[in-house]
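> Here is my input; please provide its structure:
(one chain, ligands or ions: 1)
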Amino acid sequence: MLNPNIAKLLNEQINKELYSAYLYFGMANYYADQNLDGFENWFLVQTQEERDHALLFRRYLLNNGESIVLTEIAAPNEKYNNFREPLVKALEHERYVTASINKIYEAALEAKDFRTVQFLDWFIKEQGEEEKNAEGNIKKYDLFAGDSKGLYMLDNEMKARTYVAPSLVLD
Ligand code: FEO
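Here you go, the predicted structure:
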């Protein structure tokens, strides 16, 4: 069993990760509508990663004798005005997720729940990667997507992203 507050925060994080998957799924759909199938691919892979994050939080809770409490996932319903906007919103969202994980980390430290602290170490590092990737997409877009040829090439690069299972494995 975990500290009830930690268990609650970890359960809420499942919802946030699933919302992240939903948000990126919506972005993939937006790019599909715009015929940018490389950007679509990038966000579909990101959707899978977020699902994996939710599953890791689920497994950790179960491994510690906690029940999973599922709550409603909000619809993102984002309307985008240009190709750059989802990239900016993705970065903002990753910063929000980082803050959320930091909050659980802080609570776990305070509760001397070092097992959870150790589990969250992977996510602290992962969020560094997530923010770096999201920032990288904006930088590349600003550098290369100024004309249709540059956008075409960047879209091709985004197409090359493939799904890789998370390095954290919980039995
Ligand atoms: Fe699950 Fe993009 O952080």
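> In three-state terms, label Ala165 for me.
Here Ala165 is recorded as coil under DSSP: H, G, I helix; E, B strand; the rest coil.
> What about it, how many residues nearby?
9 (other CB atoms under 10 Å). Where C-beta positions appear, they are placed from N, C-alpha and C, glycine not excepted.
> Tell me which residue in this structure sits closest to the ligand.
His53 (3.8 Å; CB to the nearest ligand atom).
> looking at it, that residue is touching Leu120, isn't it?
No - the criterion here is CB atoms under 8 Å, and His53 misses it with Leu120 at 11.7 Å.
> so the residue lying closest to Glu130 once chain neighbours are set aside is in which element?
Ranked by CB to CB, 6 or more residues apart in numbering and with sequence neighbours excluded, the top spatial neighbour of Glu130 is Glu94, at 4.6 Å. According to DSSP states H and E, Glu94 maps onto helix 85-110.
> Output the contacting helices and strands for that helix.
The contact analysis (3 or more CB pairs under 8 Å, 6 or more residues apart in numbering; DSSP states H and E) places helix 85-110 against helix 4-33, helix 37-63, helix 114-144.
> could you redo the last one with a cut-off of 6 Å?
Helices and strands touching helix 85-110, by 3 or more CB pairs under 6 Å, 6 or more residues apart in numbering; DSSP states H and E, are helix 4-33, helix 114-144.
> Tell me the residues of this protein that contact the ligand?
Within the chain, the positions lying close to the ligand (CB under 6 Å from any ligand atom) are 17, 20, 50, 53, 94, 97, 130.
> change it to 5 Å
17, 50, 53, 97, 130 (CB under 5 Å from any ligand atom).
> confidence score at the fourth one?
Looking back up the chat, that one is Val97. pLDDT, Val97: 98.
> For it, give its distance to Gly150.
Distance, Val97 to Gly150, using CB to CB, to the nearest Å: 30 Å.
> Spatially central residue in the protein, please.
Glu50 (4.6 Å; CA atoms, centre = their mean).
> Now do the contacts for Tyr22.
Listed by CB atoms under 6 Å, 6 or more residues apart in numbering, the contact partners of Tyr22 are 73, 76.
> An error on my part: the question was meant for Arg58.
14, 68.
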